[in-house]
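1. need a 3D model of the following:
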Amino acid sequence: MLAGPGRATVDVRRNWARRLTAVALGVGLVLAGAASAQAANKPVNIGTPYESGPPAVTVDSGGNAVVAWANTKDLAGAANFVQYCVLPVGATMCKESGSLIPADSAQYIDGVQVLVEGGTYVILADVYGTAGNDSRDYIPEQEWQSTDGGGTWTIIDNGLSVTNGIIDADTAPLSAVTVPGSGVLGYGWNTAGGSPPTFNAFPLSSPPECSTQTCAAGYASLEPASNPDQIGNAGGQFASSTSSKDPGVLAIFNTLFTNGPLACTQSFGTAYAFGSGDQSASNNYNLSPGQAGSAWVKPVTQADCNVEYPAVAGGPAGYGVLETDLGNNTTVYHPFDLSNDSFDTKLVKLASDGEEQPGLSMDAGRGVYATYLLGGVGGPIDLSYSPNGGSTWATAAINADKDGGISNQSNAVNGTGQGWSTWTDNGSVFAEPFTGVNALCGPAVGSKGSSNGKTAKLTLSCSSYPAKLAVALTATKKGKTIKLGAGTFSLAKKSSKSVTLSGPGKSFIKSHPGHVKVTADLAERLGSYSVGGKHAVTLKVSLPSSHHHT
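-> Numbering: from 1, shown residues only. Presented below is the predicted three-dimensional model:
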């Protein structure tokens with residue numbers, strides 16, 4: 001990244017050793033030998049800036065992806081600018097697309113954020129390198145809004161900054177959120193050099209100037225100055241819930257401390273801050289924790305140790321964090337305990353390998369959606385879906401990442417569960433739609449089985465585990481379908497399972513000694529989703545011998 005006037009070069013990614021492992025060989029063998037995952041939609045190339053910042057994505061109520069990114073190619077010495085795309089499900093090209101030029105000749109863009117508020121799209125660009133006597137009035141955040149589905153965009157306040165949390169030149173943007181309340185947005189930052197993370201809330205409609213020059217609302221510093229472990233610039237993320245049940249804002253931060261209140265004796269860790277309730281004069285997200293009237297009920301506090309690569313989400317399902325558990329190199333979900341405003345809950349395993357570049361989102365019900373590079377850089381994009389607030393999960397790969405070049409992966413989901421994953425690869429920006437059904441593995445059964453007249457033994461498998469399958473066996477005799485038996489089985493790996501035969505099933509099998517062809521109808525179900533299909537199986541029938549004595 002080029003450094004411009006008024007902002008030093010900042011890299012918010014952790015410059016710590018990355019695990020460059022791809023998917024473990026054993027997992028690869030399981031995937032190769034089992035059924036393929038439920039077919040996902042194809043990725044769409046929505047732009048080729050050649051050089052860009054990470055794409056940001058949101059999903060409107062109609063399921064359209066609204067994606068924006070900073071074009072940082074600087075062709076012919078031109079300044080950075082914002083590009084955007086509105087992409088419907090099933091489309092192969094953007095319905096709306098274009099470029100947005102920052103005001104006051106801003107040269108550089110640190111990051112782009114996208115929000116959707118009812119019928120209004122919002123793009124926020126963190127800019128620096130402005131010019132002129134009033135240059136500080138135009139940094140750090142310039143905003144554009146569209147009320148016609150991305151067809152036209154209006155720059156807000158002629159480009160005057162709408163939000164600010166900058167402590168010094170090393171402050172980096174993290175993420176924008178919808179703050180609980182009536183038409184309120186928010187933005188969070190963190191700062192290098194032993195400084196606290198910050199947060200500012202501002203109105204969606206007619207926001208007053210909030211810049212490095214002037215900001216009457218001020219911003220909250222989320223960590224007490226007395227804390228010896230100041231978060232610094234290790235990266236993090238903010239998420240919010242506007243649900244009437246538990247409205248609030250949860251922030252998660254990377255940590256690396258060996259002593260003090262955020263110390264972890266084993267490797268990396270995380271810390272969090274939490275604010276609760278709707279934004280108001282008496283519950284203000286612009287006041288620091290501990291101040292009278294502050295909405296922040298928890299200043300920066302230790303969350304987990306021996307974890308890394310966190311992503312956070314909030315919604316009607318509560319709040320939670322996706323992360324890699326370094327103790328056993330697994331991908332886990334950690335639900336937030338709202339009764340104690342803490343992470344005193346148990347970790348829930350999603351995958352038997354670590355992850356990087358995670359995205360985490362929630363729908364308007366109890367659905368939670370995680371996308372990430374399984375195994376780290378070079379790994380496929382996996383989707384994990386929970387229909388019940390993070391208690392149980394299904395996981396499957398939705399993009400193989402054949403060239404190993406995917407980076408900057410993230411996701412967003414709308415209230416009905418339509419999701420989009422976005423990323424960059426080889427100079428292009430891609431987007432791919434998904435729903436919870438794409439996390440189901442697509443069960444399979446071996447073509448050969450056996451029966452002893454009481455049960456039928458089948459070999460069941462999925463492309464990922466754990467999985468819970470329902471099996472129904474039928475056969476046809478003289479044009480009529482006979483129900484042989486059914487069962488439900490939990491799989492931790494490819495396994496042989498026995499289906500108990502019904503009375504008619506026993507009679508049918510006993511009348512077909514030797515070999516008989518049957519149909520196995522398989523289904524994997526999770527929440528309202530189900531995948532599966534019918535498979536032909538040949539059973540070898542071995543009936544017990546009958547002995548008669550005179």
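2. for F257, what are its contacts?
-> By C-beta atoms under 8 Å, 6 or more residues apart in numbering, the contact set of F257 is D229, A263, C264, G269. For every residue, glycine as well, the C-beta is placed using N, CA and C.
3. is it in a helix, a strand, or coil?
-> With DSSP: H, G, I helix; E, B strand; the rest coil as the basis, F257 sits in coil.
4. quick check on the contacts of F257: which are buried?
-> D229, C264, G269 (16 or more other C-beta atoms under 10 Å).
5. spatially nearest residue to the second one (excluding sequence neighbours)?
-> Nearest in space to C264, with sequence neighbours left out and distances taken as C-beta to C-beta, 6 or more residues apart in numbering, is C305 at 3.6 Å.
6. that neighbour contacts Q266, correct?
-> Yes - between C305 and Q266 there is a contact under C-beta atoms under 8 Å: 5.9 Å.
7. more neighbours: the two, which one.
-> A side-by-side neighbour count of C305 and Q266, using other C-beta atoms under 10 Å, places C305 first with 18 against 10.
8. how near is the more buried one to S282?
-> C305 is 36 Å from S282, where distance means C-beta to C-beta, to the nearest Å.
9. which of the contacts of F257 has the weakest pLDDT?
-> Lowest pLDDT among the contacts of F257: D229, with 90.
10. so who does that residue touch?
-> T255, F257, G260, P261, L262, A263.
11. out of these, the closest to G389 would be?
-> T255 (26.1 Å; C-beta to C-beta).
12. pretty sure that closest one is touching P261, no?
-> No - with contact defined as C-beta under 8 Å, T255 and P261 do not form a contacting pair (10.3 Å).
13. one step back: turn the contacts of D229 into TSV, columns for distance to T301.
-> Output for the contacts of D229, formatted as TSV (distance: C-beta to C-beta, whole Å):
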residue	distance to T301
T255	11
F257	13
G260	12
P261	8
L262	8
A263	13
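14. could you pull out the helices in the stretch 451-550 of the chain for me?
-> Assigned by DSSP state H, counting those that start in this stretch, the helices in the stretch 451-550 of the chain fall at 503-510.
15. again, but for the chain
-> 25-33, 503-510 (DSSP state H).
16. quick one: average pLDDT of the first one?
-> I take that to be helix 25-33. Averaging pLDDT along helix 25-33 yields 28.
17. how about the last one?
-> Looking at helix 503-510 alone, the average pLDDT works out to 96.
18. please point out which parts of it sit buried.
-> Buried residues in helix 503-510, counted by 16+ other C-beta under 10 Å: G505, K506, F508, I509.
19. test my guess that the third one contacts I482.
-> Yes - with contact defined as C-beta under 8 Å, F508 counts as touching I482 (5.4 Å).
20. who touches both of those two?
-> The overlap between the contact sets of F508 and I482 (C-beta under 8 Å, 6+ apart) consists of A475.
21. pull the helix or strand with minimum mean pLDDT from the chain.
-> helix 25-33 (a mean of 28; mean pLDDT, DSSP states H and E).
22. T258: neighbour count?
-> Neighbour number of T258 under other C-beta under 10 Å is 9.
23. any idea how far it lies from C305?
-> Applying C-beta to C-beta to T258 and C305 gives a distance of 11 Å.
24. phi, psi for G415 please.
-> Note on G415: its backbone torsions stand at phi -60, psi -30 [degrees, to the nearest 10].
25. tell me the buried residues in stretch 103-112?
-> Within stretch 103-112, the residues that qualify as buried are A103, D104, A106, Q107, Y108, I109, D110, G111, V112, counting by 16+ other C-beta under 10 Å.
26. then stretch 410-430?
-> 410-414, 417-425, 428-430.
27. Y309 is in contact with V321, isn't it?
-> No - shown here, Y309 and V321 do not form a contact pair, counting by C-beta under 8 Å, at 10.3 Å.
28. same drill for those two, tell me which one is more crowded.
-> In this view Y309 and V321 are compared by other C-beta under 10 Å, and V321 has more residues nearby, 27 against 24.
29. looking at it, that one is touching V312, isn't it?
-> Yes - counting by C-beta under 8 Å, V312 is a contact partner of V321 at 5.1 Å.
30. the closest residue to S97 other than its chain neighbours: how many residues sit nearby?
-> Nearest non-adjacent residue to S97, counting by C-beta to C-beta, 6+ apart: C85, 4.7 Å away. C85: 25 surrounding residues under other C-beta under 10 Å.
31. now for C85: which residues touch it?
-> Here C85 is in contact with I46, G47, A65, V66, V67, A68, C94, E96, S97, V429, A431 (C-beta under 8 Å, 6+ apart).
32. and the third one, what does it touch?
-> With contact taken as C-beta under 8 Å, 6+ apart, A65 is in contact with V57, T58, V59, C85, V86, L87, A412, W420, T422, A431, P433.
33. and with 6 Å instead?
-> Listed by C-beta atoms under 6 Å, 6 or more residues apart in numbering, the contact partners of A65 are V57, V59, L87, W420, A431.
34. let's have those in a markdown table, adding distance to A444 and pLDDT.
-> Output for those, formatted as a markdown table (distance: C-beta to C-beta, whole Å; pLDDT from 0 to 100):
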| residue | distance to A444 | pLDDT |
| --- | --- | --- |
| V57 | 33 | 98 |
| V59 | 32 | 98 |
| L87 | 33 | 98 |
| W420 | 28 | 98 |
| A431 | 30 | 98 |
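35. from those, which land in strands?
-> Among the contacts of A65, the members found in strands (DSSP state E) are V57, V59, L87, W420, A431.
36. show me where pLDDT drops low in the stretch 1-150 of the chain?
-> Filtered on pLDDT under 70, the stretch 1-150 of the chain yields the residue ranges 1-40.
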